[in-house]
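Engineer: I'll drop the sequence and a predicted model, then ask my questions.
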Amino acid sequence: MGSKDAATLHAILCSLLLLSLSCGCLALAAELEGAQTALLQVDTSWKAARKIPQTLFGLFFEEINHAGAGGLWAELVSNKGFEAGGPHTPSNIDPWSIIGDESSIYVKTERTSCFSRNIVALRMEILCAKCPAGGVGIYNPGFWGMNIEEGKSYNLVMYIRSLESVELAASLTCSDGLQNIATAVIVDTDVSDWRKIEMQLLAKGTCRTSRLELTTSKRGVIWIDQVSLIPSDTYKGHGFRKELIHMLMDLRPRFLRFPGGTFVEGNLLRNAFRWRETIGPWEERPGHYGDVWNYWTDDGLGYYELLQLAEDLAAEPIWVFNAGISRHDQVDITAIAPFVKDVLDSLEFARGSLKSTWGSVRAAMGHPERFPLKYVAVGNEDCDNTKPFYQGHYLKFYNAIREAYPDIQIISNCDGSSKPLDHPADLYDFHTYKDANNIFLMKDTFSRTSRTGPKVFVSEYAVHVDGDTSKGTLLASLAEAAFLIGLEVNSDIVHMASYAPLFVNENDRQWTPDAIVFNSWQQYGTPSYWMQTFFRESSGAVIHPMRLNSSYSGSLAASAITWGDNEDIFLRIKIVNFGSNAVNLTLSAIGLQAGVNTSRSAVTVLTSDNVLDENTFDDPRNVVPERSDLPNAAEEMQAMLVPHSFTSFDLALDQYGELVAEM
């Protein structure tokens, strides 16, 4: 480009940098004299650019913190099949409770269900001849209260049986049972065999802590099983909570890793995730106790639904399966063959034809098209000295999958970042949880990694030290941003990365921090969530070489990419200032093959007054990116970066058509 274009670009960049200070320039005035200096040079020529993998940034979903049960999965009833107390009866029916007293109602569990895979049902005997007003029965508060909203409808399904006719009311009430929001009455004279009842409840009021009540005033015995209540407006009718799905979609993920995590392993193998027990009609799924995170799941959100979730997000599914190893026990190598067969069956379920055994099951569930499953991970965090069978197990799975599905990319748990793997793999899994300073310093980790051999999948990363994170701080997000910039720069070897954990229900914080916090009716993103929005256009973009010169460079991290949407091509320059000093930045770009359209360019800054600031339900946007349009270009090349900040400059480039052809 000519000298005039270069001068214009310099002025634009300076204007962008000055704009990043517009909300806090007065507060910084006293600091300018002692500010640090830095020079950032970007080679924007196409010859020097390199394509970033299409899959670089995505999501990792694990059933932890009630992320699915009581969260993303919209089922409102907890322990809907009365199985959570175990197969032995009588058993605990928590969180179900009784309406009435012991003189009016007697409730117990029995092994009398019509479903052979989950045989426990509830027997409710009404003792009172003249029952209290409103009747007696049972109620379920859901997951710390059901969010019922006026004007919305809720689909109720349950199975009942009685030797006599029944008169049973299904009601949605506020948590104290006094405000009735919706009621439907079941009157049936012939329920001597189990009968499926379906009805819709239309809410005439709003209560954030509602409960489902099943009551009657008629003396007799009623057996009840498999009670489900789901809002009728789930995402695409697939059972996902809309507002949480939209937050995921805003990250534009390129892959979805599921269902864990240690959830896949279990503390003991008998409590590990078993995919075939999570498919088919929901009434027939036995559910299981997740003994790592210590709660029961009905497995309505199962293998099929997670494949569907990846499809809804337009993301590549990554299936993490149990490798015959839990955290505390493992299968001998001589007994691993059934586990290998089980995994091959799971792949046939996802990818098999309609005529195949498991492909026909998938089709019967409503998805005749094959799921495009191309990635599998053999276990989770299993390659260490406490699990000596892993590598032997891995090779059994690897060889069987490679023979049956040559195109599937197989991910090893063993870390190949410091030394070569001693077994074949397409990718290897890398996890890191450290304090903020160490995560920031890890931005250069993969600069030292061999460029030959398997690619890297950073499937779990986050700042995870209480003093740095609390429930999710600006400090943590800045360290993570620098780490992701390092992954971007090294995306010739790093092909995938995802933050962990993704979700937390505020009532079950077993791991902190997390990207998205929710309760029954609210949700917000932590600073780490908002940090990830800066990288949502990186996958499939091109990255440019750059040079950063500064005595303060130990506190800075930067990258430059070119990306395009349907209307424009942008040069994006991202800079993390992890330090407590302001930085006078000089920025230059060479080799740019297009002019810059200032009217469509913008600057976005993530910062706050206190590096330990967080978001909350009371102030969900306390720490969020602030975007500003580009003002008129200034002549001054020198500019300022605020302390503890993450800044992104998006310069809209002209000659869009020519650039698209080159990309």
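Structural biologist: Here it is on my side, so go on. Residues are numbered from 1 along each chain as shown.
Engineer: quick one: the strands in the stretch 501-650 of the chain?
Structural biologist: Listed in chain order, the strands found in the stretch 501-650 of the chain under DSSP state E, counting those that start in this stretch are 503-505, 516-518, 523-525, 542-544, 546-549, 556-564, 569-577, 583-590, 596-606, 626-629, 639-641, 645-653.
Engineer: how about those strands, which one is nearest Asp193?
Structural biologist: If you check each of the strands of the stretch 501-650 of the chain against Asp193 by Cβ to Cβ, strand 503-505 wins as the nearest, at 38.1 Å. Yep, even glycine has a C-beta here, placed from its N, CA and C like the rest.
Engineer: where among the strands of the stretch 501-650 of the chain is the average confidence lowest?
Structural biologist: Taking each of the strands of the stretch 501-650 of the chain in turn, the lowest mean pLDDT turns up on strand 639-641, with a mean of 80.
Engineer: May I see the strands of the stretch 501-650 of the chain arranged in a markdown table, with mean neighbour count as well?
Structural biologist: As requested, the strands of the stretch 501-650 of the chain are arranged in a markdown table below (neighbours: other Cβ atoms under 10 Å):
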| stretch | mean neighbour count |
| --- | --- |
| strand 503-505 | 23 |
| strand 516-518 | 24 |
| strand 523-525 | 21 |
| strand 542-544 | 22 |
| strand 546-549 | 14 |
| strand 556-564 | 23 |
| strand 569-577 | 24 |
| strand 583-590 | 20 |
| strand 596-606 | 19 |
| strand 626-629 | 12 |
| strand 639-641 | 22 |
| strand 645-653 | 24 |
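Engineer: can you list those strands in TSV and add distance to Val343?
Structural biologist: Conversion of the strands of the stretch 501-650 of the chain to TSV gives the following (distance: least, Cβ to Cβ, whole Å):
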stretch	distance to Val343
strand 503-505	26
strand 516-518	30
strand 523-525	34
strand 542-544	36
strand 546-549	43
strand 556-564	37
strand 569-577	39
strand 583-590	49
strand 596-606	41
strand 626-629	45
strand 639-641	49
strand 645-653	40
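Engineer: For Tyr235, find the nearest of these.
Structural biologist: With Cβ to Cβ as the measure, strand 523-525 is the member of the strands of the stretch 501-650 of the chain nearest Tyr235 (13.8 Å).
Engineer: So in that sheet, which strands flank the closest one, and in what orientation?
Structural biologist: Strand 523-525 sits in its sheet next to strand 516-518 (antiparallel), going by DSSP bridges.
Engineer: Other residues contacting the strand it pairs with?
Structural biologist: Outside of strand 516-518, the residues within contact range by Cβ atoms under 8 Å, 6 or more residues apart in numbering are 71, 244, 247, 471-472, 502-506, 523-526, 529, 615, 617.
Engineer: redo that, cut-off 6 Å
Structural biologist: 247, 503-504, 506, 524-525, 529 (Cβ atoms under 6 Å, 6 or more residues apart in numbering).
Engineer: Just give me the neighbour total for Asn490.
Structural biologist: Residues contacting Asn490 under the criterion other Cβ atoms under 10 Å number 19.
Engineer: For it, give me the pLDDT.
Structural biologist: 97.
Engineer: cool, and Phe397?
Structural biologist: Looking at Phe397, its pLDDT is 98.
Engineer: right, and Arg627 touches Thr604 too?
Structural biologist: Yes - with contact taken as Cβ atoms under 6 Å, Arg627 and Thr604 are classed as touching, separated by 4.5 Å.
Engineer: what about the closest residue to Glu110 other than its chain neighbours, distance to Pro454?
Structural biologist: Residue nearest to Glu110 in three dimensions, not counting chain neighbours: Arg123, with 5.0 Å by Cβ to Cβ, 6 or more residues apart in numbering. Applying Cβ to Cβ, to the nearest Å, one obtains 56 Å for the distance of Arg123 from Pro454.
Engineer: if we can go back for a sec, let me have the contacts of strand 516-518 in JSON lines, adding distance to Asp422 as columns.
Structural biologist: Below are the contacts of strand 516-518 laid out as JSON lines (distance: Cβ to Cβ, whole Å):
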{"residue": "Met247", "distance to Asp422": "41"}
{"residue": "Phe503", "distance to Asp422": "36"}
{"residue": "Val504", "distance to Asp422": "37"}
{"residue": "Glu506", "distance to Asp422": "44"}
{"residue": "Tyr524", "distance to Asp422": "45"}
{"residue": "Gly525", "distance to Asp422": "41"}
{"residue": "Tyr529", "distance to Asp422": "38"}
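Engineer: Cool, thanks, talk later.
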